[in-house]
Each structure stands twice: as structure tokens, then as C-alpha cells.
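Asker: Return atomic coordinates for the entry below.
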Amino acid sequence: MRRRLTPALLLALLCATAPGAATEVTLPQGSYQAVPPAGWNGRDALPVLLYFHGAFSTATDVVTYPGFTEATTSAGVLLVAPEGIDRGWAVAGAPRQGGRDERGFINAVLADLAQRYPTQPGGLLVGGFSLGASLAAEFACAEGARVKAVLTVAGTFWRPMPGRCAGGPTNWLHLHGTSDPTFPLAGRVVRERFHQGDTGQALAMLGASYGCAAPLPMPPMADSRCEAAACQGGRALMSCRHPGGHEMHATWLADFLRWAGAISSPAVWR
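Answerer: Modelled structure (predicted):
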């Protein structure tokens with residue numbers, strides 16, 4: 001019997017013959033790009049990394065960033081890069097970056113993704129850099145029960161920060177440079193009336209929301225030093241600091257993906 005060539009089957013065949021190629025999808029709310037791991041057979045279910053670009057960047061910058069697809073391929077992860085409006089995100093408390101309901105957009109991306117790729121239940125990873133980290137934090141705080149692990153780099157909530165995360169605990173890794181002038185650890189005022197959140201206060205709020213064993217101290221100023229706290233339901237909250245500035249490196253993403261892959265023993269980080 002001849003097998004009918006459905007859109008899902010066609011996508012699987014294309015992915016099997018051209019592994020690692022980016023696919024751009026346009027939805028009513030916006031667009032996103034997806035890159036399966038190189039060598040994927042087009043059938044096996046994949047964990048998903050939903051990664052939000054920083055301000056003044058694009059989804060294309062994410063999927064072409066040196067080392068990113070190598071990191072996701074090594075981890076066997078589907079890289080998904082949503083596109084912001086006018087190179088930004090509508091994050092609570094931040095300068096207005098378009099008027100889109102970002103949480104609704106993200107859920108639309110995930111729903112569409114599930115129609116196009118076989119994805120692992122419980123395998124959703126969320127990450128972001130700078131303003132994208134703020135959006136990742138906002139989404140994970142609201143829908144933590146759906147997220148296996150979240151990576152926020154050089155960015156956190158904007159003020160006023162949420163009083164607690166009602167979406168349930170998730171594994172959380174925050175990485176920040178001690179010399180970051182764009183989004184300092186203590187935050188800064190932007191355009192005279194917008195206030196970036198304080199990283200220490202954000203971690204304390206997460207610790208209280210997730211029922212962590214103790215408040216998470218900020219680690220000392222040394223190269224990639226990390227502090228972790230055990231939280232409700234076997235989750236982990238981790239903070240890492242490096243001596244650099246406002247930056248993101250593929251090696252950090254690779255480290256996060258290894259940590260998330262060994263989530264039953266989250267202390268494997270470094």
C-alpha cells in the first residue's frame with residue numbers, strides 16, 4: 001500500500017536528508033525557526049530548547065550563532081528560536097517592545113511545533129540572553145510545571161518583579177558577568193523610568209517560590225563559580241558568576257544542556 005505523503009511525513013523526510021537545516025515557520029502572532037540535531041532520523045522524539053534572542057538581535061542570529069547548533073546536536077535537542085517584534089520582546093516592566101502577548105505567542109509556537117516534530121513529553125528547555133533571558137524568566141515563572149530546566153544569561157526580571165512564581169518549580173540556572181554594564185547584577189535604570197531587576201532579589205524570590213532549602217547566596221567573584229540550592233520536588237536552583245561582561249558563549253549552552261540531560265544529578269555543573 002502506498003503511504004500518503006502528509007506534511008508531517010514530508011518534513012521528516014526532509015529532516016532525514018538534510019539534517020541540521022533551519023526551518024522558518026510563520027504564525028499569525030509571529031515567526032520562529034527550528035533546527036533539528038544533525039543526523040536526526042526524522043522519527044525519534046526530541047527534547048526542545050526554546051531560546052529567546054537578546055534585544056536588537058534576531059532568530060537568525062540564534063540559529064547561526066557559532067557553536068549553538070553544535071551544542072544542540074551533541075545533546076540531541078531541537079533548537080527553536082522565536083522571533084521578537086522589532087528585535088525585542090514585550091517583557092513586563094521593560095521598555096515597550098511591541099504590543100504582543102508573548103506568553104500567548106510562545107504557547108502558539110509550542111502548539112505548532114508539536115504538529116511538525118515528534119517532541120519528548122516533559123522535555124521542554126527554555127533559555128535566553130539579556131532581554132531574552134527576561135522573557136525566559138517570565139515564561140518559566142508562569143509555567144514552570146511545563147519546563148524541565150531554564151537558562152537565563154545576563155538578564156532577569158524587570159521591576160516590579162513578581163512576588164512569587166505561581167507556575168510551579170523548575171530547574172533553574174542563572175549565569176551573569178560581574179562586569180556586565182548592560183544588565184548589571186543589581187540592575188539599572190533605562191530611559192529614566194524602566195528598572196532592571198536585581199539578580200540577588202530575583203534569586204531570593206525564586207528560592208522562596210520553589211521551597212529551596214536555604215536562600216541562594218550570590219557566589220564569590222571568581223571565574224564561573226556556582227552556588228546551588230536543592231528545591232521542592234528534587235529541583236535545583238543554581239547561580240553562576242563569571243568576571244566578564246554582557247556576553248553569551250556556546251560553551252555555556254553546551255554546559256547547560258549537559259546539566260539538563262543529567263537533571264537527576266544537577267550538581268554535575270562544573
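
Asker: The chain: helices as residue ranges?
Answerer: Here the chain has its helices, by DSSP state H, at 7-17, 59-63, 68-75, 102-116, 131-142, 199-209, 250-261.

Asker: Nearest to R235, out of those helices?
Answerer: helix 199-209 (10.2 Å; C-beta to C-beta). Quick note: C-beta positions are derived from backbone N, CA and C, even for glycine.

Asker: Can you give me the buried ones in the closest one?
Answerer: For helix 199-209, burial by neighbour count (16 or more other C-beta atoms under 10 Å) applies to 199-200, 202-207, 209.

Asker: contacts for that helix?
Answerer: 137, 141, 156-157, 161-166, 169, 172, 174, 176, 185-187, 212, 214-216, 218, 229, 231, 237, 239 (C-beta atoms under 8 Å, 6 or more residues apart in numbering).

Asker: quick one, what contacts the nearest residue to S179 once chain neighbours are set aside?
Answerer: Spatial nearest neighbour of S179, chain neighbours left out: G245 (4.9 Å); criterion: C-beta to C-beta, 6 or more residues apart in numbering. Contact analysis of G245 by C-beta under 8 Å, 6+ apart lists 177, 179-182.

Asker: now these in a markdown table, with neighbour count?
Answerer: Putting the contacts of G245 into a markdown table (neighbours: other C-beta atoms under 10 Å) gives the following:
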| residue | neighbour count |
| --- | --- |
| G177 | 20 |
| S179 | 13 |
| D180 | 20 |
| P181 | 9 |
| T182 | 17 |
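
Asker: Tell me the one of these nearest L131?
Answerer: Once C-beta to C-beta is applied, the member of the contacts of G245 that ends up nearest L131 is T182, at 9.7 Å.

Asker: do you know how far the closest residue to that closest one other than its chain neighbours is from P181?
Answerer: Counting by C-beta to C-beta, 6+ apart, T182 lies nearest to H246, which is 3.9 Å off, once chain neighbours are set aside. Separation of H246 from P181 (C-beta to C-beta, to the nearest Å): 7 Å.

Asker: and A94, which of the helices of the chain is closest to it?
Answerer: Among these, helix 131-142 sits nearest to A94 (C-beta to C-beta), with 6.4 Å.
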